[in-house]
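Asks: okay, sequence plus prediction incoming.
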Amino acid sequence: MSARLAAISLMLGNLVTAMAVLSPAGMLSDLATGLSVTIRDAGLLMTFGAVVLCFVSPLMVWFTSGIDRRLVLAAMLAILGAGHFASALAPNYATLLVVRVLMLTMAAAYTPVAASTIAHLVGETRRPSAIAFVFLGWSIAIAAGLPAVTFLAAHVGWRETFAVFGVAAVVVLVMLVASIPPGLRNPPLSLGSWEAIARQPLVLVLLLITALWTAGQFVVFPYLGPLLSRLAGGGVEAVGASFAAMGIMGFIGNVVATGIVNRFGAFPTSVVFLSALLIGAAAFAFGAGSLIVMGMGCAIWGLGFAAFNSMQQVRLVAAAPPLASATVALNTSSNYVGQAIGSALGAELYARDLLYAMGYADVAFMGAALGVLMASRRLG
């Protein structure tokens with residue numbers, strides 16, 4: 001079977017997974033109105049999901065490490081599809097929260113399992129670019145998925161929007177089963193595997209970097225729509241355009257990173273794209289009040305987020321190749337730790353009406369991540 005078709009299926013699976021995690025950000029106001037809760041409560045749909053994911057992702061990778069990769073990935077996509085359909089039927093906020101937590105708990109390991117699966121299917125020299133390609137799904141989720149969510153929720157309804165993504169999960173499930181060969185297995189992970197990771201200073205520092213930059217992003221990201229509206233008077237079209245600009249630039253950034261990483265190396269590529277994240281966050285924060293400047297900040301921010309995340313995966317795989325599935329799982333867990341910290345801080349600042357402080361907090365986290373990244377070079 002074609003490794004290229006398998007890579008496309010895995011990438012689209014990441015798109016579905018990303019939409020499961022991120023979709024509330026695109027319809028925060030509609031969820032709040034439809035469920036009769038505050039914007040802060042609607043934002044906590046992402047926070048609680050991230051809290052669960054940060055613990056469950058490595059555990060799910062551990063428990064499923066010796067099982068056929070195709071079976072694991074297919075089961076996770078089936079759960080995501082069922083979860084989206086159940087979300088569409090949720091009668092109230094509490095039910096939707098429980099459905100999302102259960103859905104994300106069962107599908108928590110899709111991203112690290114997808115990364116380890118593509119590593120089985122391509123040669124070592126193609127592995128960095130192949131992993132980066134699989135992570136394009138997250139870029140596409142913001143480039144096309146979140147603008148689509150914003151439009152559909154505003155014009156059709158949030159329930160119907162969840163149903164659309166349920167159908168998408170089923171379609172990708174069929175593609176994945178048709179393209180991933182059976183019998184792919186990783187060596188089962190043992191407690192010794194986690195102990196070996198704990199003795200890798202570079203891996204631990206990379207995980208810290210992931211938690212820092214993701215926390216910065218998620219102070220603002222779930223509340224991007226309300227912030228653009230309240231600080232700069234942006235409507236539905238402006239919010240959708242900002243998500244689209246962020247995602248399109250994210251797609252471009254990841255394509256560029258995929259093309260240059262084999263030539264220049266993962267560390268220099270990481271510096272470039274984390275710097276873009278910091279510059280974009282600063283433009284958004286210090287340009288608050290101007291819709292144009294805030295939109296430009298979203299675009300520059302978008303250039304960095306997917307590419308930098310891909311480079312983190314590449315550096316982790318290179319740091320400890322035999323432990324790749326575990327380190328990528330821990331990186332995904334660190335992503336969710338950052339999401340939980342950032343979105344919880346964002347919710348508190350938003351509830352206290354400290355809207356400008358949200359952007360400044362984003363800048364502080366990104367600056368800290370860049371400082372730790374520069375220090376990580378000494379570790380290899």
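Replies: Yep, it's here. Residues are numbered from 1 along each chain as shown.

Asks: where does the stretch 101-250 of the chain have low pLDDT?
Replies: 124, 128, 186-191 (pLDDT under 70).

Asks: hey, where'd the helices end up in it?
Replies: Secondary structure of the stretch 101-250 of the chain, counting by DSSP state H, counting those that start in this stretch: helices at 110-121, 127-134, 136-140, 146-155, 158-179, 191-198, 201-220, 224-232, 236-264.

Asks: measure Val219 to Ile142 for me?
Replies: Val219 sits 16 Å away from Ile142, going by CB to CB, to the nearest Å. Heads up, the C-betas are built off the backbone N, CA and C, glycines and all.

Asks: same check, this time on Phe85
Replies: Taking CB to CB, one finds Phe85 at 23 Å from Ile142.

Asks: for those two, indicate the residue with more neighbours.
Replies: A count of neighbours by other CB atoms under 10 Å puts Ile142 above the other of Phe85 and Ile142, at 28 against 17.

Asks: ok, now which ones touch that one?
Replies: The contact partners of Ile142, taken as CB atoms under 8 Å, 6 or more residues apart in numbering, are 18, 22, 243, 246-247, 250, 302, 305-306.

Asks: over to Leu303?
Replies: Going by CB under 8 Å, 6+ apart, Leu303 touches 249-250, 252-253, 273, 276, 280.

Asks: go on, Ile279?
Replies: Ile300.

Asks: secondary structure element holding it?
Replies: helix 266-286 (DSSP states H and E).

Asks: now the helix or strand hosting Gly49: average pLDDT?
Replies: Using DSSP H and E, the element containing Gly49 is helix 39-64. Mean pLDDT, computed over helix 39-64, is 79.

Asks: that helix packs against which elements?
Replies: Applying 3 or more CB pairs under 8 Å, 6 or more residues apart in numbering; DSSP states H and E, one finds that helix 39-64 contacts helix 3-26, helix 28-35, helix 93-106, helix 110-121, helix 324-351.

Asks: what does the shortest one contact?
Replies: Where contact means CB under 8 Å, 6+ apart, the residues beyond helix 28-35 that reach it are 24, 37-39, 41-43, 45, 92-93, 96, 153-154, 157-159, 222-223, 225-226.

Asks: give me the buried subset of those residues.
Replies: Applying 16 or more other CB atoms under 10 Å to these, the neighbour count classes 24, 37, 39, 41-43, 45, 93, 96, 153-154, 158, 222-223, 225-226 as buried.

Asks: could you measure from the closest residue to Ala74 other than its chain neighbours over to Ser116?
Replies: Leaving aside its sequence neighbours, Ala74 sits nearest to Val177 (CB to CB, 6 or more residues apart in numbering; 5.4 Å). Computed as CB to CB, the Val177 to Ser116 distance reads 18 Å.

Asks: compare those two (neighbour count), which wins?
Replies: Per other CB under 10 Å, whichever of Val177 and Ser116 has more neighbours is Ser116, with 22 against 15.

Asks: quick one on the thing from earlier: surely the residue nearest to Ala74 and Leu71 touch.
Replies: No - using CB atoms under 8 Å, Val177 is not in contact with Leu71, being 9.3 Å away.

Asks: thinking again about what came up before, turn the helices and strands packed on helix 39-64 into CSV, including distance to Val363.
Replies: Shown next, in CSV, are the helices and strands packed on helix 39-64 (distance: least, CB to CB, whole Å):
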stretch, distance to Val363
helix 3-26, 20
helix 28-35, 22
helix 93-106, 29
helix 110-121, 27
helix 324-351, 13
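
Asks: ok, Met11 touching Ala130?
Replies: No - at 9.9 Å, Met11 and Ala130 do not qualify as touching, with contact defined as CB under 8 Å.

Asks: okay, and the common contacts of the two?
Replies: Joint contacts of Met11 and Ala130 (CB under 8 Å, 6+ apart) do not exist.

Asks: which residues touch Arg69?
Replies: The contact partners of Arg69, by CB under 8 Å, 6+ apart, come to 113, 116-117, 120, 180, 184-186.

Asks: buried among these? Make that a ChimeraX selection.
Replies: Entered in ChimeraX, the line below selects the buried ones among the contacts of Arg69, by 16+ other CB under 10 Å:
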select :113,116,117,180,184,186
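
Asks: how about Thr47: what's its closest non-neighbour residue?
Replies: Ser343 (4.3 Å).

Asks: next, count neighbours for that neighbour.
Replies: 30.

Asks: any idea of the pLDDT on Ser2?
Replies: pLDDT at Ser2 comes out at 75.

Asks: among the helices and strands packed on helix 39-64, which is nearest Val170?
Replies: helix 3-26 (9.5 Å; CB to CB).

Asks: just the angle between that closest one and helix 110-121, please?
Replies: 170 degrees (axes from the mean of the first three to the mean of the last three CA atoms, to 10 degrees).

Asks: in helix 3-26, what's buried?
Replies: So, applying 16+ other CB under 10 Å, buried residues of helix 3-26: 3, 6-26.

Asks: likewise for stretch 87-100?
Replies: Buried residues in stretch 87-100 (16+ other CB under 10 Å): 87-88, 90, 93, 96-97, 99-100.

Asks: repeat that for stretch 202-210.
Replies: 202-203, 205-210.

Asks: go on, stretch 233-248?
Replies: 234, 236, 238-248.

Asks: what do you get for stretch 46-58?
Replies: For stretch 46-58, by 16+ other CB under 10 Å, it's 46-54, 56-58.

Asks: who does the host helix or strand of Asp362 touch, helix- and strand-wise?
Replies: Per DSSP H and E: Asp362 is located in helix 355-376. Identification of packing neighbours for helix 355-376 by 3+ CB pairs under 8 Å, 6+ apart yields helix 201-220, helix 224-232, helix 266-286, helix 324-351.
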